[in-house]
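Chemist: Coordinates for the following, if possible.
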Amino acid sequence: MFFNSRRYYNYSFQPNLVRKIRKSVAYALSIGLGFSATSLLADTDAAALQKEMSRLKNQLKVLEQKLDELKTTQQRQTSPLPATTTDDFSLNEKKADGLTLGGVFGFNYTYRDFAKASGTKVGDTGFDSLTLNLDARHGDFSLSTSYIWFSYMDILYHGWIGYDFSDISQVQVGVTQVPFGILPFASNSWWWGINHYIGLEGDHDLGVKWIYDPKPFNLQLAFFKNAEWGNPSKHERYFYDVVTQDEQANEETNQLNARLAYTIQHGSFGSTEIGFSGEYGQLYNSVTDDTGDHWAGDIHLVGQYGNFNLKLELAKYQYDPRNPVGVSNKTILMGGLGDAYPVAAEGTLAVANVAYNVPINGRLVKSLTFFNDYGVIFKEEDKFEDSHLNILGCIIKTGPVSTFVEFIAGKNMPYVGSHMGRAFALGDSNATWEKMFNINMSYHF
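Modeler: Residues are numbered from 1 along each chain as shown. I've put the predicted structure just below:
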């Protein structure tokens, strides 16, 4: 049984702030009008009076526009969509010293149309995971950790020590998120997107990362000595990495990453982030005692326009291992969540995800977010069949509880179909779209 878990960040917004701003604006205008009237009454020049009134009207218009922008920001920040600014990649205001404990508890229901037993039982349900998050700060030093317990394994999600050089510059040492592509996640789905399953979404590795965040720019540079565990034979990990098993003896080492993003503000309409990412690292083979390499490049766009969210991503990747004679270089073995499967050594990834948030603010249901995530891997090898994943769903936000209702369709896609062992490699030329129905409910504390 395959289960998954997501962390969705939710920022609170004080509605009293809007009321305070309204009062401040009214108070300031009343004083301004009072002084202006006193001054102008002493001078009977009608033209001067008209000019002063016009100036004050323009000031009022500017203040009202700023208030509208603030209200729009409030709607975006209370959306259950993944936040566009988190401590994982963008620096926030400095937090107070102390400890913060939180986490997520969830369970899951899945119906698979391609699994006979699932059809007979009308789906399967069970415990998904328990996540505990611990964050700490002391002066310019910070700590962020997250650990997850599944029914079949327990794993480290992330764990790093940080130091703030300034309000816009921080270094993180430990298991930290790889700066590549859309951050923190490209997908809206609880099930993740297709790029997650080849190690190009949300990946975390062990190393050092520097974040420089002089908005509207965000620059990240990182060096990762190896994947999070440092043990390539351990497939029990949250994110997918190159792993070893049987004749497959490659592992990731000495990886460099660079990511640059620029955010264009559109006033009350929203914002657009455009970014570029690059990755280069070595592949060590324990049988040949030689190193090959791997690289990936990415361009992405994230648009937040009112309640509408758009995410586009195009990436190219290639693995060039130094395998012993008799072991094919056309695939690489990747593992995660206790599984391992071959992946085409070279391909192009395309992602197009859209979402729309509907604020409700009822007693029970706070908001609904409708989304569709689509991803495809075009494999370079002629005889390999391309892989597709499409997820149509809705996120129901009810206070601290998030419920994901998703219709998942895959073609030559691991976990979504009967071609698990070859889906991301050779595939099946006769493969059809196979489907799943998934519900995940989780409590965030």
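Chemist: isn't Lys209 right up against Phe180?
Modeler: No - the pair Lys209 / Phe180 is not scored as a contact, 11.3 Å apart, by C-beta atoms under 8 Å. In this view, the C-beta of every residue, glycine as well, is placed from N, C-alpha and C.
Chemist: list residues touching both of these two?
Modeler: Listed as contacting both Lys209 and Phe180 by C-beta atoms under 8 Å, 6 or more residues apart in numbering are Asn257.
Chemist: in which helix or strand would I find the nearest residue to His300 once chain neighbours are set aside?
Modeler: Spatial nearest neighbour of His300, excluding adjacent residues (C-beta to C-beta, 6 or more residues apart in numbering): Glu313 at 4.4 Å. Per DSSP states H and E, Glu313 falls inside strand 308-320.
Chemist: How about Glu52?
Modeler: helix 46-77.
Chemist: name the helices or strands packed onto the helix or strand following that helix?
Modeler: The helix or strand immediately downstream of helix 46-77 is strand 98-112, counting by DSSP H and E. The contact analysis (3 or more C-beta pairs under 8 Å, 6 or more residues apart in numbering; DSSP states H and E) places strand 98-112 against helix 116-121, strand 124-138, strand 434-444.
Chemist: Using a markdown table, lay out those together with mean pLDDT and distance to Ala345.
Modeler: As requested, these are exported to a markdown table (pLDDT from 0 to 100; distance: least, C-beta to C-beta, whole Å):
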| stretch | mean pLDDT | distance to Ala345 |
| --- | --- | --- |
| helix 116-121 | 84 | 33 |
| strand 124-138 | 95 | 32 |
| strand 434-444 | 96 | 25 |
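Chemist: Just say which of these is most tucked in.
Modeler: Among the helices and strands packed on strand 98-112, ranked by average contacts under mean count of other C-beta atoms under 10 Å, first place goes to strand 434-444 (a mean of 19).
Chemist: Need the residues that contact that one.
Modeler: Under C-beta under 8 Å, 6+ apart, the answer for strand 434-444 is 4-6, 8, 10, 102-114, 123, 128, 190-191, 400-411, 413, 416-418.
Chemist: let's see 6 Å
Modeler: The contact list for strand 434-444 (C-beta atoms under 6 Å, 6 or more residues apart in numbering) reads 104-106, 108-114, 190, 400-410, 416-417.
Chemist: Quick one: low-confidence residue ranges for the chain.
Modeler: 1-47, 57-90, 92-94 (pLDDT under 70).
Chemist: So it: which segments form each domain?
Modeler: According to automatic domain parsing, the chain comprises the domains 16-77, 98-444.
Chemist: can you count the residues close to the residue nearest to His300?
Modeler: Counted with other C-beta atoms under 10 Å, the neighbours of Glu313 add up to 24.
Chemist: Please apply the same query to Gly399.
Modeler: Residues near Gly399, counting by other C-beta under 10 Å, number 11.
Chemist: Nearest residue to it in space, please, no chain neighbours.
Modeler: Lys366 is the one closest to Gly399 (C-beta to C-beta, 6+ apart), at 6.4 Å.
Chemist: give me the element Val329 is part of.
Modeler: No, residue 329 isn't Val; it's Asn. Using DSSP H and E, no helix or strand contains Asn329.
Chemist: what pairs with Gln170 across the strands?
Modeler: Here Gln170 sits in beta bridges with Asp164, Ile211, going by DSSP bridges.
Chemist: Please name the residues that touch it.
Modeler: Applying C-beta under 6 Å, 6+ apart, the residues near Gln170 are 91, 162, 164, 211.
Chemist: how far away is it from Glu279?
Modeler: 21 Å (C-beta to C-beta, to the nearest Å).
Chemist: what do you get for Ser268?
Modeler: Taking C-beta to C-beta as the measure, Ser268 falls 36 Å from Glu279.
Chemist: Pick out whichever of those two has more residues nearby.
Modeler: Glu279 (25 against 15).
Chemist: partners of the more buried one in the sheet?
Modeler: Residues in a beta bridge with Glu279, per DSSP bridges, are Asn257, Ala296.
Chemist: these two touch, right, it and Ala258?
Modeler: No - look at Glu279 against Ala258 with C-beta atoms under 6 Å: they stay out of range, at 8.0 Å.
Chemist: out of the contacts of Gln170, who's nearest Asn307?
Modeler: Leu91 (26.0 Å; C-beta to C-beta).
Chemist: Unless I'm misreading it, that closest one sits right up against Lys215, doesn't it?
Modeler: No - the criterion here is C-beta under 6 Å, and Leu91 misses it with Lys215 at 9.3 Å.
Chemist: Of the two, give the one with the bigger neighbour count.
Modeler: Neighbours were counted for Leu91 and for Lys215 using other C-beta under 10 Å; Leu91 has more, 21 against 12.
Chemist: Phi, psi for the closest residue to that one other than its chain neighbours please.
Modeler: Closest residue to Leu91 apart from its sequence neighbours, by C-beta to C-beta, 6+ apart: Asp213 at 4.5 Å. Main-chain torsions, Asp213, degrees, to the nearest 10: phi -130, psi 60.
Chemist: so Asp213 makes contact with Ser166?
Modeler: No - judged on C-beta under 6 Å, Asp213 makes no contact with Ser166 at a distance of 9.7 Å.
Chemist: In terms of neighbours, single out the busier of those two.
Modeler: It is Asp213, of Asp213 and Ser166, that has more neighbours when counted by other C-beta under 10 Å, with 20 against 12.
Chemist: any idea how far the more buried one lies from Ile182?
Modeler: Distance from Asp213 to Ile182, by C-beta to C-beta: 16 Å.
Chemist: Output stretch 405-416 as CSV - backbone C-alpha positions only.
Modeler: C-alpha atoms of stretch 405-416 as CSV (Å, rounded to 0.1, in the frame of the first residue of the first chain):
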residue,chain,number,x,y,z
VAL,A,405,-10.4,14.8,-2.9
GLU,A,406,-8.6,13.8,-6.1
PHE,A,407,-9.3,11.9,-9.3
ILE,A,408,-5.9,10.6,-10.5
ALA,A,409,-5.2,9.4,-14.1
GLY,A,410,-1.8,8.0,-15.2
LYS,A,411,-0.3,6.5,-18.3
ASN,A,412,3.0,4.6,-17.8
MET,A,413,3.0,6.1,-14.3
PRO,A,414,4.3,4.3,-11.2
TYR,A,415,1.7,3.6,-8.5
VAL,A,416,-1.1,4.6,-11.0
